[in-house]
Each structure stands twice: as structure tokens, then as C-alpha cells.
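Colleague: Model the following, please.
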Amino acid sequence: MNRELIEALEMVEKEKGISKEILIDAIESALSSAYKKDQKQHQNIKVKLDPKTGDFRVFSYKQVVEEVADERLEMSLADARRIDPGYELNDQVEIEIFPSEFGRIAAQTAKQVVVQRIREAERSIVYDEFASRVGDIVNGVVQRHEQRNVFVELGRVEAILPQNEQIPGERYEPGMRIKTYLVEVKKSSKGPQVILSRTRNGLLKRLFELEVPEIQEGLVEIKSVAREPGARSKIAVASRNENVDPVGACVGAKGARVQMIVRELKGEKIDVIPWSPDPETFIIKALSPSKVSDVKLFPSRKTALVIVPDYQLSLAIGKEGQNARLAAKLTGWKIDIKSESQAEEAWESIQAMLEEEEALQQQQEVVEEVEAVEEEWAEEEKPEFEYTPEDEYYPGEEAEQAGVDGDYTDYSDLDAEDHIIDDDDTEEEEIKKKVKKPKTKTRKREQEFVDEMEEGFDLFNDLQEEDLPKVDKPGDESEVVFTSESSGFTLGQLLAAELQKKAKEKAADQTTKKTQAKSGRSGKKKGVETQSDEG
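Modeller: Below is the predicted model:
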């Protein structure tokens, strides 16, 4: 019996692609659930199945506690040590049990668990398989129609082709094989839900990759695709090898390759266009088969004005504007098509638009040049050291490294134990006293120097007006001329004498103030004594 179980598991593994380990785990879970229903005295049950022989063993697990509250889940320490003296509190005791065959309800529970776990494993495998193929082409067979949706059999799953993803006018008969583009894979309660499409641009791109070996090898690259499903498509291709013609490689000998794709898309017309990095050339090629006289580009608006001969206007626009729409989608530019006669009538407005565009282009170039120069300056003027603001302090060696003037004290050699301050506020005040602001001291010195200069100029003017003799210059009474004969003193001596004079006057004023202050205090004391005597 046990050997037959192993053979059955191997057969299921081959048919459904589910690994043997997953199936064994499902059976163990199913038997554990069944024994929980059948064995009321044991609840924490685990079944172990031998993958080689098919034999299984049943174990019950109980936790070691001081006081047993539930005998089905717990065991006393004394009972546990009878089994093994090494057990301690909170340990798990493994006890093998030999239950009898369980009844109908337990057997049905085991069956349901096994089936459910197998289905979940199968759905997971299918989901992983198709989720990795999103954006690729899948082959399928049309099964049926339901509410305008088409169901396509993909082998292990049934996919959905919604109505909005179907090519207009295309009929899908049951049993017909079609190639579709895998759009999305969703998880649902009924399994993975696969969404297909026949209208996406990716379908056309993937079909060319399948039919053209040069694209698979990387010699030819698909740059862009524009498509109106069921009607017409345009595809731009470029070559990475000078010796390979991208359009010829995609079209094939006598159009064999592109005709295979046209038949797969049920007659959809396909234009293969060579891609060009030049926007004007690319737009001209995209509007084929019509001929273009001139193209005016307006990059700021991402718009192109295309001028065509009068007899080519309808061909350039296409049926209901189809050719112009596809060209705009392919190139990424808004295309305005005018005939030569229409362009002549509106030439003034076109010229004004061109001048405006040229001015904007020049302005943009200037802005770009300025930004480039600013970046260069920023890199050149980037300082080697980042200096702190004016309100930052520079203690010790940091001030010397920063190159800031001022008197500083280096406290790096002081012992930490000798300078411990308990109060944070006191510590901040002490640091501020010891460390001076270099910028403040420098400004103070500058201000003192300016004050001294102003005082010297004032003194010079006073001496000029009062002490020095004046000599009248013939013909000009307003000018004053100093001569060496008029005075025996130099300007420096006069300034020194005047400064000494002011210093003496200042000292005399201070002496007088002190004398007055002393006399005032003595007078107050005498007045107080007189009042006390009278009292």
C-alpha cells in the first residue's frame, strides 16, 4: 500500500509538474488535520512521511509546565522527566502515538486537504510560468465566446481576449489558432487570470522579432511603432551595422517576411520606414508614400510644419487623416500639413513664427551658456576649506588653520579633571570669556584707528586757524600758505604740544571733580550730625 502511494505521487509529478516534495507536504498536512479530528486527547499532531518507503509516523507535541491546564497540549515536569530526565520547563515533548484507523469524516477531511493543496500548487506554478512571459507572444486556440469576450486555450490555462483588445472586424472562430500578446496575469480565487491582446503595438514588434533574424541578433533595432489595428501600421527601424539595410531585412526577399506578418494580422498594411536622428529627414520618411517639399520645425512647441505639393496634400493627410496621425505617433512631433499654395498665402504668419522660434532658440542657447559658465566658476571658486560664519568661535589650532586674525588661547593641553564645570550655563560663559571673536576684535581696532585719524584732522584744522601765521598770496586772499620762515615749529611738534595741553586740561578737570565730590560728601555728613544733635 505504501509503495503504491509513492508511485502515485511520482505519476502526479509527471502529469501536473508539481514536485514530489510539495505533494508529500500536502499529504502530511492532510493526515495531521484528520488525526486532530479523530484523536481528541491529542491536538498538537504532526505526521512525517518517508519519501522512499511511504511509511508514516504520527507524533504528538506537548509543552512542559508547572501546572497542567489542558492535558491535550501540556504536560507536567514530573511526567516529562519520566520520559527523559533532561526536560526542563517550557520544553516541547515529542511523543509518538499509534492511532487506529480513523473514521469516514477524518478520511474525507484528509482528501479535501490533499486536493486543495495540489490545486494551490498547480495554480502557483501556472501563475509563475505566465507571469514571466508578460510582454511576449503566446499561441492559443479559440475555445468559445462569452459576452463578446473570446476565451483562448493556452494549454494549462484558459486566457481571455477582451472586446477592447480585439482587432475591429476580425472574426474568431472556435478551433482557430491565433497569436496574441500577453498583457497581464492576475491572481484570483479560481486561479490565474491571463489577459491577451491583438491590438497592442507590442504584438507587431514581437512578430517582426520572430520573422526577422537580424532583429533577434541585434543587427537591426526597432526604434518606434505606430499602429491603428486592422487598418495600417508604421514601424521605424535602424541598423547597427553599415552593411545591413534595415528596411530590406524587415521586408525580406520579394516582401516574404512582411507578408507573413500581414497575413497574421488579417491584411493590416505595414509601412517599414528607415529611422533617422535628424527630425526633418525622419518626418519626411514617416509621411511616405507622399512627397514633401519643405519642413519647418518649431522645437519649443514640438511641432513641424510640412509643406507638400498641391496634388500630394490628400495623400500626405491620408484617409480620415490616418497617414498624418501615424506619422505624428511614429516621430513624436505634432505635424501640420499645408499645400504649397496654402503656405504662400500664410507665408507672413509662418515667417513671424520662424523668427519667434529663432529668438527663443537664441535665448535658450544664451541661458545654456550662462549656466555652463556658472558651473565652471562654481567649480573653480570652490574653497579648499569651509569657513564658519562670523558668530562661530575659533579656539586654538582651529583658528590658525582657518587663517583668521585675532588673539586666541589653546586649551588642548589642559587637563580635563582640573577644569570640570558642573553647571552648563557657567561652562558656556567661561568658554565665551576665554575664546574671543576674531571678527569683533578686528572691527574694534579699525574703529579706534578711524577715531584717532578724525581727532588728528580736527586738531590740525584748529591749529591751522589759531596758531599758525597766515601769509597772503598775491592775487588770492582765500588761500593759506605755510612757510618755514614764519614759524620755528614743525607740524608734528605742534600736534604733540596740543595733545599734551589737552591731557593736562583733562587731568585738571578730573582733579576738580574729585575735590567737589569729597566736599559734597563731607557737607552731607555734617548736615546729618547737626540733625541728630537737634533731635
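Colleague: any low-confidence regions in the stretch 151-300 of the chain?
Modeller: Counting by pLDDT under 70, not a single residue of the stretch 151-300 of the chain qualifies.
Colleague: which residues in it form strands?
Modeller: 158-161, 177-186, 193-197, 220-228, 232-239, 269-274, 294-298 (DSSP state E, counting those that start in this stretch).
Colleague: Return the list of helices and strands in contact with the fourth one.
Modeller: Spelled out, it's strand 220-228. helix 201-211, helix 213-217, strand 232-239, helix 246-251, helix 322-331 (3 or more CB pairs under 8 Å, 6 or more residues apart in numbering; DSSP states H and E). Backbone N, C-alpha and C define where each C-beta goes, glycine included.
Colleague: next one: the longest one
Modeller: When contacts are defined as 3+ CB pairs under 8 Å, 6+ apart, strand 177-186 sits against helix 104-131, strand 137-146, strand 158-161, strand 193-197, helix 201-211.
Colleague: how about the ones you listed in CSV, adding distance to residue 10?
Modeller: Shown next, in CSV, are those (distance: least, CB to CB, whole Å):
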stretch, distance to residue 10
helix 104-131, 14
strand 137-146, 30
strand 158-161, 28
strand 193-197, 29
helix 201-211, 37
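Colleague: so what are the domain limits for the protein?
Modeller: Listed domain ranges for the chain are 2-128, 467-510 (source: automatic domain parsing).
Colleague: looking at these, which has the lowest confidence?
Modeller: Mean pLDDT values for those show the minimum at domain 467-510, a mean of 52.
Colleague: quick one, what contacts the residue nearest to residue 220 when sequence neighbours are not counted?
Modeller: Using CB to CB, 6 or more residues apart in numbering and skipping residues adjacent in sequence, the residue nearest residue 220 is residue 214, 4.3 Å away. When the contact criterion is CB atoms under 8 Å, 6 or more residues apart in numbering, the partners of residue 214 are 220, 244, 246, 249.
Colleague: And residue 51, by the same measure?
Modeller: For residue 51, counting by CB under 8 Å, 6+ apart, the contacting residues are 6, 20-21, 24.
Colleague: Identify the residues contacting the closest residue to residue 176 other than its chain neighbours.
Modeller: Using CB to CB, 6+ apart and skipping the chain neighbours, the partner closest in space to residue 176 is residue 142 (4.7 Å). By CB under 8 Å, 6+ apart, the contact list for residue 142 reads 150-153, 172-178.
Colleague: For residue 182, see how far away residue 280 is.
Modeller: If you measure residue 280 against residue 182 using CB to CB, to the nearest Å, the figure is 38 Å.
Colleague: out of these two, which sits in the more crowded spot?
Modeller: Neighbour totals were compared for residue 280 and residue 182, and residue 182 leads with 24 against 15 (other CB atoms under 10 Å).
Colleague: Does that one touch residue 140 like I think?
Modeller: No - the pair residue 182 / residue 140 is not scored as a contact, 10.0 Å apart, by CB atoms under 8 Å.
Colleague: sorry, back to before: who does the residue nearest to residue 176 bridge with?
Modeller: Residue 142 has these beta-bridge partners by DSSP bridges: residue 152.
Colleague: The chain should start at 892 in everything you say after this.
Modeller: Got it, the first residue is 892 from now on, which makes the last one we talked about residue 1033.
Colleague: Per-residue confidence at the residue nearest in space to the middle of the chain, what does it come out as?
Modeller: The residue lying closest to the centre of the chain (CA atoms, centre = their mean) is residue 1266, at 23.6 Å. Residue 1266 carries a pLDDT score of 81 in this model.
Colleague: got the buried residues for the helix or strand where it lies?
Modeller: Using DSSP states H and E, residue 1266 falls within helix 1238-1271. For helix 1238-1271, a neighbour-count test (16 or more other CB atoms under 10 Å) marks 1241, 1244, 1248 as buried.
Colleague: quick check, distance from it to the centre of its chain.
Modeller: 30 Å (CA atoms, centre = their mean, to the nearest Å).
Colleague: Name the residues contacting each of residue 1073 and residue 1031.
Modeller: 1050, 1087.
Colleague: which residues are contacting stretch 1255-1270?
Modeller: Contacts to stretch 1255-1270, defined as CB under 8 Å, 6+ apart, come from no residue at all.
Colleague: Output it in PDB with nothing but the alpha carbons.
Modeller: What follows is stretch 1255-1270 as a C-alpha-only set of coordinates in PDB (Å, rounded to 0.1, in the frame of the first residue of the first chain):
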ATOM      1  CA  GLN A1255      17.800  79.200 -24.900                       C
ATOM      2  CA  GLU A1256      21.400  79.000 -26.100                       C
ATOM      3  CA  VAL A1257      22.400  82.000 -24.100                       C
ATOM      4  CA  VAL A1258      20.800  80.600 -21.000                       C
ATOM      5  CA  GLU A1259      22.600  77.300 -21.500                       C
ATOM      6  CA  GLU A1260      26.000  79.100 -22.000                       C
ATOM      7  CA  VAL A1261      25.400  81.100 -18.800                       C
ATOM      8  CA  GLU A1262      24.600  78.000 -16.800                       C
ATOM      9  CA  ALA A1263      27.700  76.300 -18.200                       C
ATOM     10  CA  VAL A1264      29.900  79.300 -17.200                       C
ATOM     11  CA  GLU A1265      28.300  79.500 -13.800                       C
ATOM     12  CA  GLU A1266      29.000  75.800 -13.200                       C
ATOM     13  CA  GLU A1267      32.600  76.300 -14.300                       C
ATOM     14  CA  TRP A1268      33.000  79.300 -11.900                       C
ATOM     15  CA  ALA A1269      31.400  77.400  -9.100                       C
ATOM     16  CA  GLU A1270      33.900  74.600  -9.600                       C
END
